[in-house]
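In: Sequence and predicted model, in that order:
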Amino acid sequence: MTIKRLILIVLTIFAILKVSLSLIESWGQPQIQSRLELYQTNLLLHAAEWQGGNTGASGAEQNKDLNSIRNALIGAEPLKTAEQQYQEARDVASKSLDKAQKQLQQIESPSVTPPVGDKPQLPYPPVAEPSYPKQQLQESINKLDKLIDELDLRLGIIKAKEGETKAALQTWTNLSDRYKNQASNKSSVNTATVLSGLWSDPTRILPEAQQQIQKDLDGWFRYSALAQLYKLQQRQDDLATLQAQEQQRAEQAIFKLAIVGGIPVTGFIIGVGLLIFLLAQLLIAGKRSLPSDPANLPLLAQNADTPWSTPWDAETVWQVFILGFFFIGQILLPLVFSLLPLDPSSFDIRGKAFYVLCSYLLLAFGGLFVLYLSIKPFFPLPEGWFRFSWRGGWFLWGLGGYFVALPLVIVVSVINQKLWQGQGGSNPILPIALQGQDGVALAIFFVTAAVAAPVFEELLFRGFLLPSLTRYMPVWGAILTSSLLFAIAHLSLSEVLPLMTLGILLGVVYTRSRNLLSSMLLHGLWNSGTLLSLFILGSGAK
């Protein structure tokens, strides 16, 4: 056994352990999708407040159009829909909290050795557990406690606006009761007390009511609580100003909902139509002998069974991914950054965006450099490898693939949500992008997600891995295998199924078009759409 192969074996074992631990760790982490659904619900609540503001003939016509859009977007009972969304989020958070608390109790409880034979055994002292699992669980418990408090505050306001005052008061009372035996002065408890006073009969207005509402509530929930406060205090001017501001936000929310909901729905319909067309074309062709002219083949049949001529063996593929992807991304770069006087958690949103971009570019440069050195002995490469061509139908393949991906990935994501119940983790970049409403930061995130990631990942997974696997398995097997590895590489359990579905579509587009520009376009469009949705939903959340 050579030294190189021994090093690869050691790194492979370490890689399997590291990836497995990362996937297990993501098990109890919340999905970004759950937060996105609540952000979209917040936009819906804003849109439900719109009453029309323009006058005159042209204004009346515009109001009519906006009313039509509004009614189509928010449905007949927006408050009931919002309550259901928040209650589901609350139930998921409660289950996750119970699970984390039980795990913490198991770690803290001493283990006892059962008796052996007739001789009683004394209990062994508790085995010293590493502190970081306890710390991580405790941090998770604290975050879930805070999230449940936030959800209860908001659920109570929704119920109060629906006229279910008793249910709202009970929700806020339950929040306060959870901490009645604790000496802490939690802000959420104070806010619950303020809200209970505003909707009680008789009402009670606490001295710090406005400051507490502005501290713990935002968006539509802040507006609703302040409106109730101003009405009770008979502050008509402040109430009129608040309502005017809400009307502006409501009109903006209608347009944002139209973009976030309308574009995917339109793409979904186009994608379903394309999918039906492609499958029908393949089915019709299957009933007769396929034409010998490749140009007349059904689109999905083109190059479907044509492998690449691969001059290297599996060890070269192994080397590229272990050294170029895992070692650089999971060992070398984290080690280098740990030696630098940097604390990314203290960066502002622009600093975090730039840090993410630099980290990704270093990973991409290192990975592609290892790839180049690994395949250099085989130059010149056989025809068809790493093919970029601005001619042909690459643009149509990429755009069509994007539309087909929408219905397939959306359906898989819905099933995935039911499977994971809001848990399973997400890409750590997504929450940062969701919270950042800075134009410069957005541009940096766009370069990372829509340019750098498609180029690097398509070169590695579709340009190199997929064709290399066709030396050992059929094209369809290479597509499935490379897609699974592509999904696992993102290190989030909840994303494995959706990303594998996307990876399969990327593989189909590339194998049929034999042009990396097509899969890069599809990948870039997908990431751009995700980033756009994050920005729009984040901008309407507060």
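Out: Okay, I see it. Numbers count the residues shown, from 1 in each chain.
In: Run a quick neighbour tally on residue 391.
Out: 7 (other CB atoms under 10 Å). C-beta coordinates here come from the backbone N, C-alpha and C atoms, glycine included.
In: my read is it is in a helix, agree?
Out: No - counting by DSSP: H, G, I helix; E, B strand; the rest coil, residue 391 is not found in a helix; it is coil.
In: OK, contacts around it?
Out: Contact analysis of residue 391 by CB atoms under 8 Å, 6 or more residues apart in numbering lists nothing.
In: Quickly list the domain ranges of this structure.
Out: 36-54+76-106+132-254, 303-539 (automatic domain parsing).
In: Tell me which of those domains sits nearest to residue 4.
Out: In terms of CB to CB, the element of those nearest to residue 4 is domain 303-539, at 7.8 Å.
In: Just the mean pLDDT for the closest one, thanks.
Out: Here domain 303-539 scores 88 as its mean pLDDT.
In: tell me how far it is from the chain's mean position?
Out: Centroid displacement of domain 303-539 relative to its chain, using CA atoms, centre = their mean, to the nearest Å, is 15 Å.
In: now stretch 235-243
Out: 38 Å.
In: Stretch 169-183 now?
Out: Chain-centre distance of stretch 169-183: 32 Å, with CA atoms, centre = their mean.
In: closest one to residue 15 among the domains of the chain?
Out: Residue 15 sits nearest to domain 303-539 of all these, at 4.5 Å, using CB to CB.
In: Out of the domains of the chain, flag the one nearest residue 12.
Out: domain 303-539 (5.7 Å).
In: which other residues reach stretch 318-332?
Out: Around stretch 318-332, the neighbours that count as contacts under CB under 8 Å, 6+ apart are 4, 8, 11-12, 14-15, 18-19, 362-363, 366-371, 374, 460, 464-465, 485, 489.
In: Next, the distance between the ends of that stretch.
Out: Stretch 318-332 has an end-to-end distance of 18 Å (CA to CA, to the nearest Å).
In: Which positions within that stretch qualify as buried?
Out: Across stretch 318-332, burial judged by 16 or more other CB atoms under 10 Å covers 318-330.
In: burial count for the closest residue in space to residue 227 that isn't next to it in sequence?
Out: Spatial nearest neighbour of residue 227, excluding adjacent residues (CB to CB, 6 or more residues apart in numbering): residue 242 at 6.0 Å. Using other CB under 10 Å, residue 242 is surrounded by 17 other residues.
In: With residue 235 as the reference, measure out to residue 242.
Out: From residue 242 across to residue 235, the span is 9 Å (CB to CB, to the nearest Å).
In: ok so, going back, I'd like the domains of the chain as a markdown table, with distance to residue 261 appended.
Out: Shown next, in a markdown table, are the domains of the chain (distance: least, CB to CB, whole Å):
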| stretch | distance to residue 261 |
| --- | --- |
| domain 36-54+76-106+132-254 | 8 |
| domain 303-539 | 10 |
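In: Specify the stretch among those that is closest to residue 280.
Out: It is, among these and with distance given as CB to CB, domain 303-539, at 13.6 Å.
In: What are the phi and psi values at residue 490?
Out: phi -90, psi -10 (degrees, to the nearest 10).
In: Excluding chain neighbours, what is closest to it?
Out: Spatially, and ignoring its direct neighbours in sequence, residue 490 is nearest to residue 499 (5.8 Å; CB to CB, 6+ apart).
In: any idea which element that neighbour lies in?
Out: In the assignment (DSSP states H and E), residue 499 maps to helix 496-513.
In: packing partners for that helix?
Out: Contacts defined by 3 or more CB pairs under 8 Å, 6 or more residues apart in numbering; DSSP states H and E place helix 496-513 against helix 394-420, helix 466-469, helix 475-488, helix 516-539.
In: which of the ones you listed is buried the deepest?
Out: Comparing the helices and strands packed on helix 496-513 by mean neighbour count (mean count of other CB atoms under 10 Å), helix 466-469 ranks first with a mean of 24.
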